[in-house]
Structures are given as C-alpha cells and as structure tokens.
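Enquirer: Below are the sequence and a predicted model; questions follow.
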Amino acid sequence: MAKMTLEELRNLRESKKKEMTQRDDEGKSAQIIIGMGTCGIAAGAKDAFDAFLDELNSHNVTDTKITQTGCMGLCFSEPTVEVDVPGMPRVIYGNVDDKVARRIVKEHIIGKALVSDHIFDKPAADIIK
C-alpha cells in the first residue's frame with residue numbers, strides 16, 4: 001500500500017466523518033436499514049451500502065439515517081433494504097445492488113414514490129394511500 005500524505009489523510013478523515021454523520025439519529029426523519037448478515041454481504045450489500053452513502057451525499061440529503069442490521073430473513077432476495085420515510089409505507093426492497101440503491105434514493109427518499117419492481121415486503125394494500 002502506498003504511503004499517504006498528511007493532506008490525503010485529512011481528506012480521508014473528513015470524508016469518513018461525513019459518512020458517519022449519516023448514521024446519527026439527530027435531525028433525521030427517514031431511515032434506510034441494510035441487511036448486512038453474511039448472506040447479505042456475500043450478495044453485495046456492502047456495494048449497496050456504499051452506493052446509498054454516495055447518492056445521499058451527492059444529492060445533499062441530510063434528513064436520512066442509514067444503518068445496518070443482521071439477516072432480515074429474506075435470504076432469497078439479498079441484499080435487502082428496509083426504507084422508512086414519514087408519510088409513506090415502510091417497505092423492504094430486495095435484490096438491491098448499487099444501481100437499485102441509487103434509484104431508491106432518487107425515487108423513494110427524494111421523489112416520495114415506491115420502487116415497485118424491487119419491493120419484497122410491504123403493508124397490506126388497504127393501508128397504502
């Protein structure tokens with residue numbers, strides 16, 4: 001591994017600090033929970049997690065908390081992601097790769113519309129407005 005300069009280390013520290021603030025509760029109304037059990041990680045959950053962070057940062061979305069959890073029990077559809085946005089039904093998306101993660105940010109978090117082709121679990125139809 002190449003040596004890093006002091007400036008490169010400072011830049012790395014600042015970028016990691018920004019990523020860590022996405023995990024704080026303070027001032028956050030929406031939440032993204034990524035299943036990072038062994039099955040999720042093997043299916044690419046880390047790439048999805050990184051894509052969520054990148055997309056949230058690129059759109060300056062600061063009201064969304066991103067966390068990870070263990071297995072969600074939907075191993076057949078890994079990586080799985082639960083999204084909770086105020087005023088919308090809480091849903092679990094499946095087969096979330098980096099492209100789908102970016103769609104979820106743009107369409108669900110920002111656009112307030114469900115990404116229907118990746119929903120694997122949601123509330124009953126009679127409670128969705």
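Expert: Ah, there it is. Residues are numbered from 1 along each chain as shown.
Enquirer: chain center to the helix or strand of the chain with the lowest mean pLDDT: distance?
Expert: Across the helices and strands of the chain, mean confidence by mean pLDDT, DSSP states H and E is lowest for helix 6-21: a mean of 79. Computed by Cα atoms, centre = their mean, to the nearest Å, the chain-centroid distance of helix 6-21 equals 20 Å.
Enquirer: ditto for stretch 47-61
Expert: Per Cα atoms, centre = their mean, the centroid offset for stretch 47-61 relative to its chain is 7 Å.
Enquirer: Then stretch 81-90?
Expert: The answer for stretch 81-90 is 12 Å, by Cα atoms, centre = their mean.
Enquirer: average pLDDT across that stretch?
Expert: Regarding stretch 81-90, the rounded mean pLDDT is 92.
Enquirer: Just the element for Q68, please.
Expert: Element membership for Q68, per DSSP states H and E: strand 64-69.
Enquirer: Extract the CA atoms of that strand and return them as PDB.
Expert: Taking Å, rounded to 0.1, in the frame of the first residue of the first chain, the C-alpha atoms of strand 64-69 are listed here in PDB:
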ATOM      1  CA  THR A  64     -32.000  10.300   6.200                       C
ATOM      2  CA  LYS A  65     -30.300   8.000   8.700                       C
ATOM      3  CA  ILE A  66     -28.500   4.900   7.200                       C
ATOM      4  CA  THR A  67     -27.700   1.900   9.400                       C
ATOM      5  CA  GLN A  68     -27.100  -1.800   9.000                       C
ATOM      6  CA  THR A  69     -28.600  -4.900  10.700                       C
END
